[in-house]
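Asks: Return atomic coordinates for the entry below.
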Amino acid sequence: MEIKNIWSKEQVTRYLKGIQVNVELDPDYIYDVYEMANEFIGIVDQENVQIEVKEINQFELLLYCVGEYYYSISHLNETELARFKANEEYPSSMASVAADKYLSLSIFNHVEKKLGNRFLPPASSLNIYLNFMLNIVKGYKKNDPQSSLISDLLMKSLTISRCILENLLSGYETEAFSSWRTLHECECTLILLDKYGAPLINKYLRHMNFGLAFNDTIPDKEQQDKIFYEMKEEMRGYGLKSKDIRKYIEYGWLYLIADKDDASFKLNFRDGLEKLAGLEMYSKRYELSSEIIHSTPLLIYSNKEYFYYMTLLSLYESFFRLERVFVSLFSKRVSEVQMKQYEEMRKVYYSQLVIIHKREMETFKRFQTNRNQKGAVRKPIGE
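Replies: Numbering: from 1, shown residues only. Next comes the predicted model:
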């Protein structure tokens, strides 16, 4: 293979000047590595008939070289750095590794079959809305549970939503659906905290402290013992025993809003948090996601189309509920002008998302009907 598009030392040097890192990048050293990496790729291409490299993406190859160099020297002191650069074997070794990574991860990178496309409205319209919300919420006060619990929890829910969408578009449907389980837990908590406000938020924070005390993470041991004692006293008041500590820490705050006469209420997700949030219709979907998390055969032999639609629809439905919490939070903290800007954006994209959800739901129904009518030998696991 004849290397035709290799960059000059001047080109590489100009690029390196634009990289902001906490160490000085040596253009001469890196160029030697980069040049040898090109040569190694040419040799591999010539010696292996099954490998055909038509053209090298010099930008990507240079990034691998820079990455190897930076990681090798970033922890060295001056004496160690001088010793490193004096070793004549390192550049060749580094170039070989960079070439190998380029060939494996850029030319022969494994890619899953993708059922979604980030440029189509089901992904792009949801993504732009999530991005808008993230940019707003990130400006709020954070990491102070006493005053920022809801915005912190909303921010985490939105980032999980973004993660789910990215996994879905990368062809990792079951991984995306297992993440929806976490998102569903977050949204149930958010819905209740937003609905009941300060009294429930304070109760929730109290149980956060119970968790800290139980896990022995409070520096003041006297204070920790005091919190732990108060927790045990509260548990006795509810007729709970030591074996119930974990579920009381996680769900005991729900006693504040639970119906005392409701015998079906329990300190768990399905019969407690999910039910009180009014989302018990998702219990089967939640169980299905739990099966995937615990590596059952459902995970290994899952049907991509089924879990693509299941995840996309679940994500949309969670988004609609998160958006209501966002509006509740957003409307209290912005000017009239900002609110009007948001309303204009919402007119365009929210209505589109509603239409998209309906259309994807109809597509999912047709998919299930077609599979059932065909009577496939291997029926998709999960249906």
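Asks: In stretch 359-373, which residues are buried?
Replies: Glu360, Phe364, Phe367, Arg371 (16 or more other Cβ atoms under 10 Å). For glycine as for every other residue, the C-beta is placed from the backbone atoms N, C-alpha and C.
Asks: Find the centremost residue of this structure, please.
Replies: Nearest to the mean C-alpha position of the chain, by Cα atoms, centre = their mean, lies Cys163 at 3.2 Å.
Asks: Show me which of the buried residues of stretch 359-373 is closest to Gln352.
Replies: Gln352 lies nearest to Glu360 out of the buried residues of stretch 359-373, by Cβ to Cβ, at 12.3 Å.
Asks: residue contacts, Val21?
Replies: For Val21, the contacting residues are Tyr70, Ser74, by Cβ atoms under 8 Å, 6 or more residues apart in numbering.
Asks: And Tyr90, by the same measure?
Replies: Ser72, Phe84.
Asks: one more time with 10 Å
Replies: Tyr29, Val33, Glu68, Tyr69, Ser72, Phe84 (Cβ atoms under 10 Å, 6 or more residues apart in numbering).
Asks: quick one: the closest residue to the residue nearest to the centre of the chain other than its chain neighbours from Leu165, how far?
Replies: Counting by Cβ to Cβ, 6 or more residues apart in numbering, Cys163 lies nearest to Ser179, which is 5.9 Å off, once chain neighbours are set aside. Here the distance between Ser179 and Leu165 works out to 10 Å (Cβ to Cβ, to the nearest Å).
Asks: which stretches of the stretch 251-383 of the chain aren't confidently modelled?
Replies: Counting by pLDDT under 70, the stretch 251-383 of the chain contains low-confidence ranges at 373-383.
Asks: so where do the helices sit in it?
Replies: Counting by DSSP state H, counting those that start in this stretch, the stretch 251-383 of the chain has helices at residues 274-276, 283-293, 297-300, 304-330, 336-374.
Asks: between those helices, which gets nearest to Arg118?
Replies: Nearest to Arg118, of all those, is helix 304-330, at 12.9 Å by Cβ to Cβ.
Asks: Please identify the buried residues of that closest one?
Replies: Judged by neighbour count (16+ other Cβ under 10 Å), helix 304-330 contains these buried residues: 304-319, 321-323, 325-326, 329-330.
Asks: Same check on stretch 124-143?
Replies: Of the residues in stretch 124-143, Ser125, Leu126, Asn127, Tyr129, Leu130, Met133, Leu134, Ile136, Val137, Tyr140 count as buried by neighbour count, 16+ other Cβ under 10 Å.
Asks: wait, doesn't the first one sit right on Val348?
Replies: Same thing as Ser125. Yes. Ser125 is in contact with Val348 according to Cβ atoms under 10 Å; the separation is 9.1 Å.
Asks: And stretch 207-224, what's buried?
Replies: Residues of stretch 207-224 classed as buried by neighbour count (16+ other Cβ under 10 Å): His207, Asn209, Phe210, Leu212, Ala213, Phe214, Ile218, Gln224.
Asks: In helices only, show me these.
Replies: Among the buried residues of stretch 207-224, the members found in helices (DSSP state H) are His207, Asn209, Phe210, Leu212, Ala213, Phe214, Gln224.
Asks: Relative to Leu192, which of those is nearest.
Replies: Of all these, His207 has the smallest distance to Leu192: 12.9 Å, by Cβ to Cβ.
Asks: Could you check how far that closest one is from Glu250?
Replies: Using Cβ to Cβ, His207 is found at 7 Å from Glu250.
Asks: Likewise for Cys163?
Replies: From Cys163 to Glu250 the distance is 23 Å (Cβ to Cβ).
Asks: cool, Ala263 as well?
Replies: Distance from Ala263 to Glu250, by Cβ to Cβ: 21 Å.
Asks: what about those two, which has more around it?
Replies: Using other Cβ atoms under 10 Å as the criterion, Ala263 and Glu250 rank with Glu250 on top: 17 against 7.
Asks: these two touch, right, Ser8 and Tyr31?
Replies: Yes. Between Ser8 and Tyr31 a contact is recorded at 8.9 Å, counting by Cβ under 10 Å.
Asks: Among these two, which residue is more densely surrounded?
Replies: Shown here are Ser8 and Tyr31; by other Cβ under 10 Å, Tyr31 has more neighbours (21 against 9).
Asks: which parts of the strand or helix carrying the more buried one are buried?
Replies: Using DSSP states H and E, Tyr31 sits within helix 27-47. Buried positions in helix 27-47, judged by neighbour count with 16+ other Cβ under 10 Å: 27, 29-38, 40-42, 44-45.
Asks: now that helix: mean pLDDT?
Replies: Across helix 27-47, pLDDT averages out at 90.
Asks: returning to that earlier point: let's have the ones in helices among the buried residues of stretch 207-224 in TSV, adding distance to Tyr238 and pLDDT.
Replies: TSV is the format used below for those (distance: Cβ to Cβ, whole Å; pLDDT from 0 to 100):
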residue	distance to Tyr238	pLDDT
His207	13	96
Asn209	18	93
Phe210	13	94
Leu212	21	92
Ala213	18	91
Phe214	16	90
Gln224	22	91
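Asks: what's the closest of these to Leu62?
Replies: Comparing these against Leu62 with Cβ to Cβ places Leu212 closest, at 47.1 Å.
Asks: show me what contacts that closest one?
Replies: By Cβ under 10 Å, 6+ apart, the residues touching Leu212 are Ile218, Gln223, Gln224, Ile227, Phe228, Ile249.
Asks: and those, which two are the farthest apart?
Replies: Counting by Cβ to Cβ, the most remote pair of the contacts of Leu212 is Gln223 and Ile249, 16.8 Å apart.
Asks: any idea how far the nearest residue to Ser147 once chain neighbours are set aside is from Ser148?
Replies: Of all residues not flanking Ser147 in the chain, Lys141 sits nearest, at 6.2 Å (Cβ to Cβ, 6+ apart). Between Lys141 and Ser148 the computed distance is 5 Å (Cβ to Cβ).
Asks: could I get the contacts of Tyr90 as TSV with distance to Leu254?
Replies: As requested, these are exported to TSV (distance: Cβ to Cβ, whole Å):
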residue	distance to Leu254
Tyr29	61
Val33	59
Glu68	52
Tyr69	54
Ser72	52
Phe84	58
